[in-house]
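>>> generate a structure from the sequence data that follows.
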Amino acid sequence: MSSRSALLACSVAALAAGLGATAAPAVANGDLDNYTPVNPADYFVADPAYKGTVFFKTPDGRNCAIYWNNGYTGCDAVSMDAPAGTNQLRVARWEAANFVYSAEQTFTHPEAKVLPEGHKITHDQTTCGIGYQGTVNCEVVDHGFVLSAVYSVLH
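Numbering: from 1, shown residues only. Just a heads-up that it's a prediction; the model follows:
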């Protein structure tokens, strides 16, 4: 077993066992209903090139966005178990969640505010919430993802 695989297995096992945890990690198709909603207007940026797009950061500094008009939702971050060479995780109404490589940061904006743990933002047909230790859970129609530093669940 590679050291990366061993670290992943130990980290997932520790989360599952609740070692040091005060809340369960988010899971795919998690119950975003239990997250506290925020006003999406508070997460719009002043940049006219991104009018209608909400940008947010996780408490641990990962950058994510929900693009306007039901465009892509994603993060300029990947978990340890992501395919080599990828640097983004994205999803859309018409596309299941997947890892991609992008030469540009698509989901990062310097004006992005932190979306606190236990909170969610809904824009168009998409909802993203921040779970335990900055885990991002995004759902758009029938697709979505869970992204933590250690693992991802895509659908």
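>>> which helix or strand in this protein has the lowest average pLDDT?
Among the helices and strands of the chain, helix 3-17 carries the lowest confidence by mean pLDDT, DSSP states H and E, at a mean of 37.
>>> isn't Tyr101 right up against Ala84?
No: look at Tyr101 against Ala84 with C-beta atoms under 8 Å: they stay out of range, at 9.8 Å. The C-beta positions use only the backbone N, C-alpha and C, and glycine is treated the same way.
>>> which one's more surrounded, the two?
Counted by other C-beta atoms under 10 Å, Tyr101 and Ala84 do not tie: Tyr101 has more neighbours, with 11 against 7.
>>> which pLDDT value goes with the more buried one?
Model confidence at Tyr101, expressed as pLDDT, equals 98.
>>> do the same with Val54
The predicted local distance difference test score for Val54 is 97.
>>> renumber starting at 48 from here on
Okay, residue one is now 48; in that scheme the one you just asked about reads as Val101.
>>> dihedrals phi and psi, the closest residue to it other than its chain neighbours?
The shortest distance from Val101 to any residue that is not its chain neighbour, by C-beta to C-beta, 6 or more residues apart in numbering, is 4.1 Å, and that residue is Tyr90. The phi and psi values for Tyr90, taken as degrees, to the nearest 10, are phi -110, psi 0.
>>> what are the phi and psi values at Asn81?
With angles defined as degrees, to the nearest 10, Asn81 sits at phi -80, psi 0.
>>> over to Glu142?
Per-residue torsions, Glu142: phi -140, psi 130 (degrees, to the nearest 10).
>>> quick one, what contacts it?
Shown in contact with Glu142 (C-beta atoms under 8 Å, 6 or more residues apart in numbering): His190.
>>> now do Lys160
Lys160 neighbours (C-beta under 8 Å, 6+ apart): Asp89, Tyr90, Phe102, Phe103, Lys104.
>>> what residues are bridge-paired with it?
In this structure, Lys160 has beta-bridge partners Phe103, where bridges are defined by DSSP bridges.
>>> surely Gln180 and Thr105 touch.
No: counting by C-beta under 8 Å, no contact exists between Gln180 and Thr105, whose distance comes to 9.1 Å.
>>> who has more neighbours out of those two?
Summary of the neighbour comparison: Gln180 and Thr105, criterion other C-beta under 10 Å, with Thr105 having more neighbours (24 against 19).
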